Every structure is written in C-alpha cells, then in structure tokens.
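Undergrad: The amino acid sequence is not available; the structure is as follows:
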C-alpha cells in the first residue's frame with residue numbers, strides 16, 4: 001500500500017490536465033428542442049403559484065433559443081410524434097434520459113433541453129444542454145446565474161450561453 005505522502009506527491013507532480021475542446025457542432029444537423037422548464041423555488045412561488053409574466057418570459061426565451069438554432073443552420077424537428085410523452089414529462093431536462101429517447105424516435109442528431117430556476121425575484125439560474133443522440137452524451141452545456149426577473153435579463157442569459165459556449169466557434 002502506498003503512503004498518503006506518495007499519493008499526494010504524485011498528484012501534485014502530475015500537473016494540470018489540459019481542457020479538451022468540445023467537438024464541433026454539425027451545422028445542418030437536426031435538433032429535437034424539447035423546451036425549457038421553469039422551476040420556482042422562491043418563497044413567492046410557494047405562496048402565490050405560477051406568475052403569468054414568467055410563463056410568457058419562458059416562451060419568449062424558448063422562441064429566442066429556437067430562432068438562434070435556425071439562424072445557425074440547424075433544422076428543428078416537429079415534436080408532434082412525441083407530443084403525448086412530452087406533455088406527460090414534468091421536466092425533459094431531468095427525466096432519466098427521456099430527452100434522448102424522444103429525440104431518437106424523432107431521428108434527431110441532437111436533443112436540446114434547458115431549465116430556468118428562480119431562487120428569488122433577483123436571483124435566477126439558467127442552463128441549456130445539447131446532447132448528441134447517438135453518443136448519448138452532452139456536447140454543449142452551460143449554466144449561468146442571472147440577476148433580475150425581466151424579459152431582458154432572461155434573454156441576456158440565453159444569449160450569453162449561446163454566444164459564449166454553444167456558438168463561440
């Protein structure tokens with residue numbers, strides 16, 4: 001058995017592991033965009049329930065993400081063949097791989113899902129995940145915290161993810 005000192009020395013001498021570049025995205029590929037899910041963990045949400053402006057804001061952000069993928073040359077697939085299952089799914093971003101299974105049934109190259117979590121009216125977190133359907137693993141994913149519960153702050157958070165991580169190349 002090796003001493004703890006030897007293990008620590010080997011770890012420190014190994015140096016940093018270089019970050020791997022994400023694989024390039026296949027422009028023209030098909031994407032099953034299964035939508036964004038809103039999670040309200042704020043006290044306000046617990047007492048007052050769903051706010052119409054946040055429901056509208058989620059739709060605005062989905063439209064923005066959808067349009068950006070179209071502008072980048074991707075084909076967004078019609079979700080009608082999986083609509084019934086999608087409607088039964090509480091959160092496609094957290095469903096034990098149902099996003100990949102639905103995307104595979106649609107014949108998609110990629111599955112795209114995301115979440116917006118409201119901690120308070122000031123603090124929200126947003127994430128998007130793009131998975132390679134055949135490989136079953138993420139090829140792009142990023143989470144950002146945003147400040148403020150406005151159309152502009154939500155759209156700015158989405159643009160940041162897309163501009164600086166998904167389509168930075």
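TA: Now that the structure is in, tell me what you want to look at. What you see is a predicted model, and the numbers here were worked out from it, not measured in a lab. Residues are numbered from 1 along each chain as shown.
Undergrad: Helices of the chain, start to end?
TA: When assigned using DSSP state H, the helices of the chain occupy the ranges 4-14, 43-48, 52-71, 83-88, 98-106, 151-161.
Undergrad: What's opposite the spatially most central residue of the chain in the beta bridge?
TA: Central residue check for the chain by Cα atoms, centre = their mean: the C-alpha nearest the mean position is that of residue 128, 1.5 Å away. The residues listed as beta-bridge partners of residue 128 by DSSP bridges are residue 114, residue 142.
Undergrad: Setting the sequence-adjacent residues aside, check what's closest to residue 92.
TA: Leaving out its chain neighbours, the residue that sits closest to residue 92 by Cβ to Cβ, 6 or more residues apart in numbering is residue 34, at 4.1 Å. Using the backbone N, CA and C atoms, a C-beta is placed for each residue, glycine as well.
Undergrad: in this structure, what spans have low per-residue confidence?
TA: The model of the chain has pLDDT under 70 over residues 1-21, 169.
Undergrad: Residue 125 versus residue 48, what's the distance?
TA: 20 Å (Cβ to Cβ, to the nearest Å).
Undergrad: Residue 155 too?
TA: 15 Å.
Undergrad: one step back: more neighbours: residue 48 and residue 125, which one.
TA: Between residue 48 and residue 125, counted using other Cβ atoms under 10 Å, the more crowded position is residue 125 (16 against 10).
Undergrad: Enumerate every residue touching that one.
TA: For residue 125, the residues meeting the contact criterion (Cβ atoms under 8 Å, 6 or more residues apart in numbering) are 115, 116, 117, 119, 143, 144, 145, 146.
Undergrad: mind running it again at 10 Å?
TA: Residues touching residue 125, when contacts are defined by Cβ atoms under 10 Å, 6 or more residues apart in numbering, comprise 39, 41, 115, 116, 117, 118, 119, 143, 144, 145, 146, 157.
Undergrad: are any of those buried, and which?
TA: Of the members of the contacts of residue 125, the ones counted as buried by neighbours, 16 or more other Cβ atoms under 10 Å, are 39, 115, 116, 117, 118, 144, 146, 157.
Undergrad: quick one: which of the residues you listed sit in strands?
TA: With DSSP state E as the criterion, strands contain 39, 115, 116, 117, 118, 144, 146 from among the buried ones among the contacts of residue 125.
Undergrad: Turn these into TSV, columns for distance to residue 30.
TA: Listed next are those as TSV, based on distance: Cβ to Cβ, whole Å:
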residue	distance to residue 30
39	28
115	22
116	25
117	28
118	31
144	26
146	29
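Undergrad: closest to residue 73 among the residues you listed?
TA: Distances from these to residue 73 were compared by Cβ to Cβ; the smallest belongs to residue 144, at 24.1 Å.
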